[in-house]
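Visitor: From the sequence below, what's the structure:
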Amino acid sequence: MCSRLVFVFVLFLMPFLSLAQEARHIVPDYNEIETLTTDKGSAFYYPELFKKYVANDTNLSLREYRMLYFGYFFQGNYTPFYHTPESDSVRAILGDKEKLTTDEWQDVIRYGKANLEKNPFDLKGLNIVWVAYRQTGDSATARFYFDKLKKLVQTILSTGDGMSEATAFHILNVSHEYDIINILGYEYGGNQNLTDTKCDYLSLKTNDDGLSGLYFDVNQIFKGYKKNLLTREP
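Guide: Coordinates of the predicted model:
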C-alpha cells in the first residue's frame with residue numbers, strides 16, 4: 001500500500017508540471033530571498049508568510065511559494081535531513097496492506113499532520129495526508145494539501161530542468177531529489193555522484209525519454225549541514 005500511495009498524484013499534476021517545465025527557469029537569488037524574508041516590512045516576511053501557508057491559504061502565488069520554500073533555509077529550525085517519528089508511524093500503518101479501515105486512515109491523518117507540523121515541506125508527507133483525506137471522503141480538506149503539494153513541486157521545477165549542472169533543480173532537502181525523480185515519472189538508477197559545483201547527479205533507470213540522469217543543486221544543503229554542525233551543542 002505504501003508504495004502505491006507515494007506520489008499517486010502524478011497524473012493529477014501532469015498539466016501543472018508541463019507548465020512548470022515550459023516556463024522560464026529562475027535560479028533562486030538566495031541573498032534577495034534572505035533579505036525579503038527577514039525584513040519585517042516586506043510582503044514576504046517569513047513568519048507572516050508561513051502563517052498563511054499553515055492556514056492553508058490557496059491564494060499564495062508561486063513567487064510566495066519560492067520565498068516559503070527557499071526562505072526556509074534562513075529559519076532557525078531548518079535542517080536538510082529532517083525525519084520525524086510521526087512519519088515512521090504513518091509508514092507502519094500503511095505497511096503492505098491492500099486496504100485500510102476508516103480508523104486507520106484517521107490515524108494516518110493524525111500522524112501525518114503531526115509530521116507536517118515538524119517538517120512542513122515534506123512532499124511525501126503532504127501526498128499521504130492528501131490521499132488520506134480523500135479516502136475518508138473529505139475532499140474539501142484534501143484540496144488544501146493538494147494545492148500545497150502542487151505549488152511546492154512547481155517551485156522546485158521552476159528552478160531548472162535537471163539536464164545540466166547549470167540548469168540543475170535547486171532543493172533544500174535530500175529526500176526531494178528522489179521525490180522529484182518519482183514525480184517526473186522516472187526511477188532512481190542507483191548511482192549518485194557529487195560534482196565539483198556541488199550538484200548531485202542521480203542516475204535513472206531505463207526510460208522512454210532516454211535520460212540517463214538528472215542534476216540537483218545541493219549547495220544550500222551543504223551550507224545547512226555546516227550551519228547545523230556549528231550551532232549544535234557540544
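Visitor: Which pLDDT value belongs to Tyr215?
Guide: Looking at Tyr215, its pLDDT is 98.
Visitor: That one looks like it's in a helix, true?
Guide: No - Tyr215: not assigned to a helix; according to DSSP: H, G, I helix; E, B strand; the rest coil it is strand.
Visitor: Return the residues in contact with it.
Guide: Neighbouring residues of Tyr215 by Cβ atoms under 8 Å, 6 or more residues apart in numbering: 160, 162-165, 167-169, 195, 199-201. C-betas here are computed from N, CA, C, even on glycine.
Visitor: ok, 7 Å please
Guide: With contact set as Cβ atoms under 7 Å, 6 or more residues apart in numbering, Tyr215 has these partners: 162, 164-165, 168, 199, 201.
Visitor: Asp39 too?
Guide: Contacts of Asp39 (Cβ under 7 Å, 6+ apart): Tyr45.
Visitor: Name the helix or strand of this structure that has the lowest mean pLDDT.
Guide: Least confident helix or strand of the chain, by mean pLDDT, DSSP states H and E, is helix 2-5 with a mean of 49.
Visitor: Tell me the pLDDT of Pro80.
Guide: 86.
Visitor: That one contacts His176, correct?
Guide: No - the pair Pro80 / His176 is not scored as a contact, 9.5 Å apart, by Cβ atoms under 7 Å.
Visitor: Who has more neighbours out of these two?
Guide: Higher neighbour count among Pro80 and His176: His176, with 25 against 20, using other Cβ atoms under 10 Å.
Visitor: residues of the particular helix or strand that has the more buried one in it that come out buried?
Guide: If you go by DSSP states H and E, His176 is part of helix 175-183. Judged by neighbour count (16 or more other Cβ atoms under 10 Å), helix 175-183 contains these buried residues: 175-181, 183.
Visitor: need those residues in a markdown table with distance to Thr136 and pLDDT, can you?
Guide: Converted to a markdown table, the buried residues of helix 175-183 look like this (distance: Cβ to Cβ, whole Å; pLDDT from 0 to 100):
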| residue | distance to Thr136 | pLDDT |
| --- | --- | --- |
| Ser175 | 26 | 93 |
| His176 | 27 | 95 |
| Glu177 | 31 | 95 |
| Tyr178 | 28 | 93 |
| Asp179 | 24 | 92 |
| Ile180 | 28 | 93 |
| Ile181 | 29 | 92 |
| Ile183 | 24 | 88 |
